[in-house]
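[1] Need a 3D model of the following:
(one chain, ligands or ions: 2)
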Amino acid sequence: MLVEFKCGNCSQIMSADPAQKGHDIECPGCGAELTIPLQGTIQSGNIIEDHLVQDMIGQGAMGQVFLASHLLMNRQVAIKTISPKVRQDDDSSVQQFIQELQMGAQLSHPSIVTVYNAGYVDGVYYISMQFVDGFDMNERVDQSGPLAENEALAVVSKVADAMSYAWNDFNMIHRDIKPENIRVSTRGDVMIMDFGLAKVRQDDDSKEEGLVIGTPDFMSPEQAQGQMDIDFRADIYGLGVVLIYLLTGKRPFIADNPFDVVAMHINRPMPKLKMLNPDVKVSEATQAMISKMVAKDRDERYISWEEVGETVDRIIAGPQKPRKKTPAKKKTRTKVSAAPRRRRRRRRSSNMGIIFFMVLVLAVILGAVFASRM
Ligand SMILES: Nc1ncnc2c1ncn2[C@@H]1O[C@H](COP(=O)(O)OP(=O)(O)OP(=O)(O)O)[C@@H](O)[C@H]1O
Ligand SMILES: [Mg+2]
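    Ligands and ions are numbered 1, 2, ... in the order given. Got it, this is the predicted structure:
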């Protein structure tokens, strides 16, 4: 189906191939330079503000994610479009959308995907960001099953470090920590995506329905209850549930509809890892850490991201082996320092022998001289 649009200068009606959306053309009526409008959707081949859209690489609840190349910078980026159903397109919505993303765009951390730009063009809200070639943690578990304990903890350690930076330096929380938002690059870097995006969606949807929106599978009880004063501890809960998923391959609460899942996060005790997957082999230390991360009452969770990070790193380092007894070491040290002393003493006694011999020779010579004179 062709895209129909009107020249703003001479009102000539024109049609174009949908793949040409965003490209510039000359109006056949008046010769003015026009851009073929995007009209709410984009696809491969379209141009969206200096980005040539390539393949679609993913689809989420908010919209689609495309690989694109920035025509001037000659670099690959990911473009996330936000469906018009999710956002209204009046001026204040556009402003609010950009303001909220400006917060996320300030973050600069090796484990947080960099946001380059955000905007609204011809019915399309979009965000351009660092493209992370690799796989997300959901794809990883789907393809190769649950992760080994230390592998899962290494992911948690990186995420905790990035979250600590965002909370301590910017007072920012993620609100949507889930396996799809944690990606591992082909170089092995762990990257968090969609920082601050949940807020964009929540603000808009809650305006319409007064409901908390998001994937309920990893949502903290306080978030699920729609509390307004949530803090970093909601993300600690989310990361705890992600860790359960990485180790068992299972989401802890499954129900026919999202409302029941949310209710289970609020009311049901978190199932033990063995109940979710009888084959799981995880240390007691990790199990204790998970229990603390997913405590229903946020006051019973870790009191900072640093505490989470330190706990993970301690578990990864393993139990400290007892030190070897020190006397053996002392003996060695004594031996090392004794040898030169003995050598010095031997050298001194051999010196004494030479002196004694020379005195003797001198005495014999003097004796001979004295005898010859007599
Ligand atoms: N910057 C990026 N680089 C590479 N892949 C990405 C990037 N951002 C998102 N993706 C991938 O695109 C897919 C869809 O992501 P998207 O964020 O739209 O949905 P989601 O995270 O599954 O759900 P939600 O809409 O709730 O955030 C995911 O597999 C994600 O890993
Ligand atoms: Mg996402």
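
[2] what's the next secondary structure element after the helix or strand hosting residue 141?
    According to DSSP states H and E, residue 141 maps onto helix 137-144. Using DSSP H and E, the helix or strand that directly follows helix 137-144 along the chain is helix 149-170.

[3] Give the rounded mean pLDDT of that following helix.
    Averaging the model's pLDDT scores along helix 149-170 yields 96.

[4] The chain should start at 6 in everything you say after this.
    Right, with 6 as the first residue, what we last looked at is helix 154-175.

[5] Do whichever helix or strand comes after that helix and ligand 2 come into contact?
    Elements were assigned by DSSP H and E; along the chain past helix 154-175, the next helix or strand is strand 187-190. No: using CB under 5 Å from the ion, strand 187-190 stays clear of ligand 2, coming no nearer than 9.0 Å. (Glycine included, C-beta is placed from N, CA and C.)

[6] what's strand 187-190 in contact with?
    118, 137-142, 145, 160, 164, 195-198, 247 (CB atoms under 8 Å, 6 or more residues apart in numbering).

[7] Just among these, which is most surrounded?
    Taking other CB atoms under 10 Å as the neighbour criterion, residue 164 ranks highest of the contacts of strand 187-190 with 29 neighbours.

[8] ok, that one - contacts?
    Each residue near residue 164 by CB under 8 Å, 6+ apart is listed here: 116, 182, 187, 195, 197, 244, 247.

[9] And for residue 107?
    When contacts are counted by CB under 8 Å, 6+ apart, residue 107 is found next to residue 123.

[10] helix or strand right after the strand or helix carrying it?
    Using DSSP H and E, residue 107 maps to helix 96-111. Past helix 96-111, heading to the C-terminal end, the next element that is a helix or strand (DSSP H and E) is strand 120-126.

[11] Starting from that next one, tell me which strands it pairs with and how they run.
    According to DSSP bridges, the neighbouring strands of strand 120-126, each with its direction, are strand 129-135 (antiparallel).

[12] Now do the partner strand: everything it contacts.
    When contacts are defined by CB under 8 Å, 6+ apart, strand 129-135 is touched by residues 43, 45-47, 53-54, 56, 68, 73, 75, 82-87, 89, 91-92, 94, 99, 102, 106, 118-125, 196, 198, 202.

[13] PyMOL command to pick out the buried ones of those?
    Selection command for PyMOL covering only the buried members of these, criterion 16 or more other CB atoms under 10 Å:
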select buried, resi 43+46+47+53+54+56+68+73+75+82+83+84+85+86+87+91+92+99+102+106+118+119+120+121+122+123+125+196+198+202
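
[14] and residue 61, what are its phi and psi?
    Backbone torsions of residue 61, given as degrees, to the nearest 10, read phi -80, psi 130.

[15] ok, it to ligand 2 distance?
    14 Å (CB to the ion, to the nearest Å).

[16] Dig out what that residue forms beta bridges with.
    Beta-bridge pairing of residue 61 under DSSP bridges involves residue 71.

[17] show me the contacts for it.
    For residue 61, the residues meeting the contact criterion (CB under 8 Å, 6+ apart) are 48, 49, 69, 70, 71.

[18] quick one on the thing from earlier: just give me the closest of the contacts of residue 164 to ligand 1.
    Comparing the contacts of residue 164 against ligand 1 with CB to the nearest ligand atom places residue 187 closest, at 8.4 Å.
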